[in-house]
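Undergrad: following is a predicted model, sequence given first.
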Amino acid sequence: MKALFSLSDRSGIEDFAKAVKEAGYEIISTGGTGRSLAKKGLEVTEVSTLTGFPEILDGRVKTLHPKIHGGILARRDLQSHKTELTKHSIDTIDLVAVNLYPFVETVMRQGVTLDDALEQIDIGGPTLIRAAAKNFRSVIVVVDPEDYDWIGKRLTRQDTITIEERQELAQKAFQHVALYDTAVSQYLQPRDTKLPKAITFGYEKIGSLKYGENPHQAGALYSDPMSIGGIVRAKQLSGPDISFNNILDGEAAWRIVSDFKEPAATVVKHNNPCGLAVDDDQPTAYIKAYEGDSMSAYGGIVAFNRTLTAATAKAMKGVLYHVVIAPSFDPEALNILAKRKQARVLQSKVSTSPTEFLDIRKVTGGAMIQMVDDVPIDTSGWTTKSKRQPTASELQDLVFAWKSAKHIKSNSIVLAKDNALVGMGAGQPNRVTSVHLALRISGEKSKGSVLASDAFFPFSDGIELAASGGITAVVEPGGSMRDNEVIEAADKLGLALVFTGMRHFRH
């Protein structure tokens, strides 16, 4: 029996190789792996010795040979295959332990060149893995060091590795190659090709979650190997295990504050911000955000886009938050938050990856992919449709409200004042109901506030209701068949009405 070893990640390989050797296998190995095993006192046959052909082109060609792939791919149940092996003096290879060049680790480093990346694209490794996995009934294929221990023990005890277990190893092997190829494809994808003809995504399991959205649903967390930062790679500094819903709401909160250049604070509940504010003084920003809907804030997620200070941590006293997110924390703030037994404290960084600009929605039978809604606000394209121009303070609040609205589920209505959300309506079948909810939440705070609508008002009833609550200015995309009716109503009510020419649906 022969076993072929060709490994980039050699962790745990010595004990596994000893177990394979003890089980009666002759170990064949490529140069680097062979030298590593030989230093440990293990007898190894070099691939070049078996093939009678040296490694060439700086190691680019070493295992691509009939004596290797014939030995792996031959069907042991076909006499014709056995006859051919005998004719060409080829021995079967019954175990293949391979993992691939560190492509991802290389391209994620700072300053990596294209030449550096190309040298880390493995050719022989994926070919060996695919060949062994295809013939899994006869060949044990091992790509994961975590499998060394149990396979080694089975082999030394001469215990059977069942066909079901071999198939699982083969599936893992094909997935290993698929994830690798996906990373290479993403790296080589031209940056100006936003929606390619074909696309794959690769994710690695970080760990299991207690459950999914509901206790009867299994859940797990996966990461994109080609990404940096984001909620998935956030460092948990304190608190209990994070849940599926914590991650969903945490993602919404982190995306919201990351969209603001100014110091921002948000409180999120069920994927929607119930509070959001910007202010140079972080505790003030937090208090404004909390007061946006103090009832809904309880049990929510709070996020900041600046270092969380001790003063802000103290301002949060008395309010239950399940997750607190910031890019960094003052030591005193961490000490205060560590005393919150139910709060998961996460340190997160801005996420970057080759596919960060894509928004993917799973649908039955496939997926829809679109560009993310990250177009910068450009007020030079806005037009005032009403007779009255917005004041400078109203315009400032309209910009804040417009940016906020795109983070709230349609039909989205935002009421804002002094760079803070004071009321919002979300996810309603009609826009008037969203206005009604925003007014109900804001109460007296609606007086003197401005309103942003993620899409046009189809009738004038929406802004008429808004005006009854004391709203003084409105920003919306425009584009309704009845825009003239809406403009006439705004003039009649003394509102400033601004059209952006762009909508921000978020279903």
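TA: Done, it's in. Numbering: from 1, shown residues only.

Undergrad: quick one: Thr312 is in a helix?
TA: Yes: going by DSSP: H, G, I helix; E, B strand; the rest coil, the assignment for Thr312 places it inside a helix.

Undergrad: surely it and Phe329 touch.
TA: No: at 9.8 Å, Thr312 does not count as touching Phe329 under the criterion of Cβ atoms under 8 Å. In this view, the C-beta of every residue, glycine as well, is placed from N, C-alpha and C.

Undergrad: tell me which helix or strand in this protein has the weakest average pLDDT.
TA: Least confident element among the helices and strands of the chain, by mean pLDDT, DSSP states H and E: helix 47-51 (a mean of 80).

Undergrad: what residues does stretch 60-78 touch?
TA: Defining contact as Cβ atoms under 8 Å, 6 or more residues apart in numbering, one finds that stretch 60-78 is touched by 2, 4, 6, 30-31, 47-48, 50-53, 55-56, 81-82, 84-85, 88-93, 96, 123-124, 127-128, 131-132, 134-135, 137-139.

Undergrad: so which of these sit within helices?
TA: Using DSSP state H, the subset of those located in helices is 31, 47-48, 50-51, 81-82, 84-85, 124, 127-128, 131-132, 134.

Undergrad: now, which of those residues sits nearest Asp181?
TA: Thr127 (12.1 Å; Cβ to Cβ).

Undergrad: how about the closest one, nearest residue that isn't a chain neighbour?
TA: Of all residues not flanking Thr127 in the chain, Leu64 sits nearest, at 6.6 Å (Cβ to Cβ, 6 or more residues apart in numbering).

Undergrad: now do that neighbour against Tyr180, distance only.
TA: 17 Å (Cβ to Cβ, to the nearest Å).

Undergrad: can you check Val363 too?
TA: Distance from Val363 to Tyr180, by Cβ to Cβ: 27 Å.

Undergrad: same thing with Phe260?
TA: 37 Å.

Undergrad: more crowded one of these two?
TA: Comparing Phe260 with Tyr180 by neighbour count (other Cβ atoms under 10 Å), the higher total belongs to Tyr180, at 23 against 19.

Undergrad: secondary structure element holding that one?
TA: Using DSSP states H and E, Tyr180 sits in helix 163-188.

Undergrad: next structured bit after that helix?
TA: Helix 163-188 is succeeded, C-terminally, by strand 204-209 (DSSP H and E).

Undergrad: direction included, what does that following strand pair up with?
TA: strand 219-223 (antiparallel) (DSSP bridges).

Undergrad: alpha carbons of the partner strand, as CSV, please.
TA: Taking Å, rounded to 0.1, in the frame of the first residue of the first chain, the C-alpha atoms of strand 219-223 are listed here in CSV:
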residue,chain,number,x,y,z
GLY,A,219,-27.6,27.9,12.6
ALA,A,220,-23.9,28.5,12.0
LEU,A,221,-21.6,31.4,11.2
TYR,A,222,-19.4,31.4,8.1
SER,A,223,-16.6,33.8,7.0
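
Undergrad: okay, buried residues for the helix or strand that that strand is followed by please.
TA: The element immediately downstream of strand 219-223 (helix or strand, assigned by DSSP H and E) is strand 235-238. Buried residues in strand 235-238, counted by 16 or more other Cβ atoms under 10 Å: Ser238.

Undergrad: and strand 235-238, average pLDDT?
TA: Summarised as a single mean, pLDDT over strand 235-238 is 95.

Undergrad: check stretch 414-432 too.
TA: Stretch 414-432 shows a mean pLDDT of 94.

Undergrad: buried residues of it, list them for me.
TA: Going by neighbour count (16+ other Cβ under 10 Å), the buried part of stretch 414-432 is 414-428, 431-432.

Undergrad: separation between Ala97 and Tyr148?
TA: Separation of Ala97 from Tyr148 (Cβ to Cβ) stands at 8 Å.

Undergrad: so the two - more neighbours on which side?
TA: Comparing Ala97 with Tyr148 by other Cβ under 10 Å, the one with more neighbours is Ala97, at 28 against 20.

Undergrad: beta-bridge partners for that one, please?
TA: With DSSP bridges applied, Ala97 shows beta-bridge pairing to Phe5, Val142.

Undergrad: quick check: Met424 is in a strand.
TA: Yes: with three-state DSSP as the criterion, Met424 is located in a strand.

Undergrad: from Asp293, how far out is it?
TA: In terms of Cβ to Cβ, Met424 sits 8 Å off from Asp293.

Undergrad: got it, and Val475?
TA: To Asp293, Val475 is 21 Å away according to Cβ to Cβ.

Undergrad: so what's Phe174 up against?
TA: Taking Cβ under 8 Å, 6+ apart as the test, what Phe174 contacts is Ile129, Arg130, Ala133.

Undergrad: only whichever of those residues are buried, select them in PyMOL.
TA: This is how PyMOL selects the buried members of these, with burial counted by 16+ other Cβ under 10 Å:
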select buried, resi 129+130+133
